[in-house]
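> Can you look at this prediction? I've put the sequence above it.
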Amino acid sequence: MPKLEVRGLTKRFGGILALEDVSFDVEEGEIVGLIGPNGAGKTTVLNCISRFVPPDHGAIAYGQRQILRLARHDVVKAGIARTFQQAELFKTMTVLDNLLIGLHTEGQLGGIASRFSVPARWRTERRRHLRAAEVIEFLGLRDVQHQVASSLPFGLQKRVDVARALASTPRLILLDEPASGLSHEEVDELRQLIVSMRNDLKVTVLLVEHHMGLVMAASDRVVVLDFGRTIAEGTPQQVQADRKVIEAYLGEERPAV
Amino acid sequence: MREFAQLLIAGLSTGAIYASLALALVLIYQSTEVVNFAQGEMAMFSTFIAWELIDKGMPFWAAFALTLALAFFGGVTIERVLIRPVEKASVLTIVIVTVGLLLIFNNLAGGIWGFQLKTFPSPFPSGTWQVSGVVISQQSVGVFGVALLLMALLAVFFRFTALGLAMRATAMNREPAELMGIHTTWMLALGWGLAAVVGATAGVLVAPIVFLDPNMMQGLLLFAFAGATLGGFESPGGAVLGGLLVGVAQAMIGNYVSFIGTDLSLTVAMAIIVLVLVFKPTGLFGQAAARRV
C-alpha cells in the first residue's frame, strides 16, 4: 500500500522561508485537505512533490520510491498526477487531445519491440483512445470532447484539467485549488467528484484548497499550514476547533484592554 | 491573363522554398522562442553535404535522403550542445549564439568547399508543359511538389502521432507537459532536428536554381522571415501560407512594378516585414501572446 510521507520539508525563496520542517502523511485511500492562509506554503508543498521546486531539506517518499530522486517527467510513472490552479491546459488543442497527452506514458513500458512494431503502436493508440473515452465519460465531458480547450468556460477547463490528470490512472492525485473560480453549484459537483474519485476509482487525494466548505465536507483529515509550518493536523472537526488554526485565519486574539 | 498565370506559378514555386524555410524558423520559435538566425546557413551547409555526396557518385535521391538524416542529427546535436546551456539565458544571449552559428557555418562551408559558385544537379527534368498557352516548367512543379509533400507529412506527424502531439504540448505549455511524462528537453531537440530537415530540403531544392555557394541562403532567409512574420511566428500553417504569399508577391511586384524589377526585390521582403510589424504584429494567423505576470 503506497503511502505518501512528507518529512522535514524546508524551502527558502531568497529571504522568505516558504516551508519550514513540514511533515505529514497521506495514507492510501484517504482524502487529505491541505489548508492555510495565503502564502502559507500549500502550493509549494505540491510543487515539491511534483518536482517543480527542489526543497532545500527534507524527504518525500511514495511507497518505496524517493520522489526527490525522480525527474519531473517520471513523477507520473510513480503513480502521482496533479492539477493546476489555472488549469494550464494545452489551450489550442481539443479536450480529447489534452487527455491523450495525459496518457503519454501509457504503453511506453513495452520496451523496444513496441516502439518499432506498427501493430503494437496501433494497439497502444487504441488503448489510449479507449482510456480517454472512459475518463471523458466519468467526468461528463462527452459533449465538449472535440472542442478546443480555450473555448470552454473556466469551470469546464478545470474539469478537463482533472480529467487529464486522471487519464494516466494515478494512485495519488494532487489537486491545487480545484474550487477557485468555480460557481457555487460547480463546487458542489466538485465535492461529489472528489469523493467519487476515491470511492470509485480508488485514487488517493491530496487537496490544497481555500474553500473551507469543500475541504471540511470532502476530507478525512486536514493538515493546516501557516507561514510554512504545520500548525495543526486532524479530522475536520478537530481542526476547526483548534485555537492555533482560528488564530492563523482570524488573527491573534489580543487581550482586552 | 496568361502572364499572370505564369507569374503565379513561378511565384508559388519560389514561395514553396520560402515557406519551407519559414516553417523551419517557426518550428524552432514555437517550441523554444528562439529565432534561429542560423537556419539558412544550416540549410546551406546541408546542401553542400548533398553536393559532396552526389559528387562522390551517389544517386540524387539517395544523397537527398542521407542529407536529411544528417541534417536531423545535426539539428538535434546543435540544440543539445549549444542551445541547451543557454536555454534560460536572455533572448539576446540566444540571438548571439545563433548569429555565431551563422558565421561558423558560413566560414566552415567556405573553408571546406570554397566561395566560388557551384552548379547543383536538378532532380527534375528541364522541360516545360504548355497548358492553354501558359508555360509551366517541370522544375518549378517539382520544387513545389516536394516542398508541399514534406510539409503535408509534417502536418500529419504533428496532428496524428503521439510524438507529434507530445511535441506540440511541449511547445504550448511546457511544465504541465513534463508532468504528463513527456521528456520535454528531447522534444525541443527533436524540434531543432525537424527544422534542420525542412531547411535542408529548401536548400537542396533551391540550389539548382540559385547555384551553390556559402552565401546562397542569406537573401532567401530574409524572404523566409517575411513569410513567417506575415503568417505569424506562432503558426506553422500561417508561416507556410505567408511564405507562398511572399513568393507570389515578389514575382508579381517584380514584374508589374517596373522600377522594382529583380534588383529591389529584397526591399519588398523588408517592406512586408515592416508593414506587418506595424499593422498586425502577430501576423495573419498568430495570436497575441497573453502572459500572466
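Perfect, I can see it now. Numbering: from 1, shown residues only, chains lettered A, B, ... in the order given.

> Can you give me the buried ones in the longest helix belonging to chain B?
Ranked by residue count, the top helix of chain B under DSSP state H comes out as helix B:2-32. If you call a residue buried by 16 or more other CB atoms under 10 Å in any protein chain shown, then helix B:2-32 has these buried ones: B:6-32. From N, CA and C alone the C-beta is placed, and that goes for glycine too.

> Likewise for stretch B:273-281?
Neighbour-count burial for stretch B:273-281 [16+ other CB under 10 Å]: B:273, B:276.

> Could you check how many residues crowd around A:Val208?
Counted with other CB atoms under 10 Å in any protein chain shown, residues neighbouring A:Val208 total 26.

> from what I can see it touches A:Glu177, true?
Yes - counting by CB atoms under 8 Å, A:Val208 does reach A:Glu177; the two are 5.9 Å apart.

> who touches both of the two?
A:Thr43 (CB atoms under 8 Å, 6 or more residues apart in numbering or on different chains).

> pLDDT weak spots in the stretch 101-250 of chain B?
Along the stretch 101-250 of chain B, no part satisfies pLDDT under 70.

> Using the three-state scheme, assign whatever residue of it ends up closest to chain A.
Closest to chain A within the stretch 101-250 of chain B is B:Gly181: 3.7 Å, counting by CB to the nearest CB. Of the three states, B:Gly181 takes coil under DSSP: H, G, I helix; E, B strand; the rest coil.

> Grab the nearest non-local neighbour of it.
Closest residue to B:Gly181 apart from its sequence neighbours, by CB to CB, 6 or more residues apart in numbering or on different chains: A:Thr105 at 3.7 Å.

> Look at that neighbour and tell me its secondary structure.
Classification of A:Thr105 by three-state DSSP places it in coil.

> Give me the neighbour count for it.
When neighbours are defined as other CB under 10 Å, A:Thr105 has 16 of them.

> From A:Ile80, how far out is it?
A:Thr105 sits 12 Å away from A:Ile80, going by CB to CB, to the nearest Å.

> A:Asp176 now?
13 Å.

> Looking at the two, which is more packed in?
A:Ile80 (28 against 23).

> If I look at the residue nearest to that one when sequence neighbours are not counted, what pLDDT would I see?
Distance criterion CB to CB, 6+ apart; nearest residue to A:Ile80, sequence neighbours excluded, is A:Leu172 at 4.9 Å. What the model reports for A:Leu172 is a pLDDT of 96.

> swap in A:Gly41?
According to the prediction, A:Gly41 has pLDDT 88.

> same question, B:Met1
Predicted confidence (pLDDT) for B:Met1: 77.

> how much space between it and B:Trp129?
For B:Met1 relative to B:Trp129 (CB to CB), the value is 18 Å.

> now swap in A:Leu68 and tell me
67 Å.

> Which one's more surrounded, those two?
A:Leu68 (15 against 10).

> Which residue is the nearest non-sequential neighbour of the more buried one?
That would be A:Ile60: by CB to CB, 6+ apart, it lies 5.6 Å from A:Leu68.

> Quick one: mean pLDDT over stretch A:44-59.
94.

> Hmm, I typed the wrong one, I wanted stretch A:64-82.
The model assigns stretch A:64-82 a mean pLDDT of 93.

> Now that stretch - C-alpha only, CSV.
Extracted C-alpha coordinates of stretch A:64-82, given in CSV (Å, rounded to 0.1, in the frame of the first residue of the first chain):
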residue,chain,number,x,y,z
GLN,A,64,9.2,2.5,-1.8
ARG,A,65,10.1,5.5,-4.0
GLN,A,66,12.0,8.5,-3.1
ILE,A,67,10.2,11.2,-5.1
LEU,A,68,13.0,13.7,-4.8
ARG,A,69,15.3,11.4,-6.8
LEU,A,70,12.9,11.3,-9.7
ALA,A,71,13.0,13.6,-12.8
ARG,A,72,9.9,15.7,-13.3
HIS,A,73,8.7,13.5,-16.2
ASP,A,74,9.0,10.4,-14.1
VAL,A,75,6.7,11.5,-11.3
VAL,A,76,3.6,10.4,-13.3
LYS,A,77,5.2,7.0,-13.7
ALA,A,78,5.3,6.7,-9.9
GLY,A,79,1.5,7.0,-10.0
ILE,A,80,1.2,10.7,-9.0
ALA,A,81,-0.7,13.2,-11.1
ARG,A,82,-1.7,16.8,-10.4
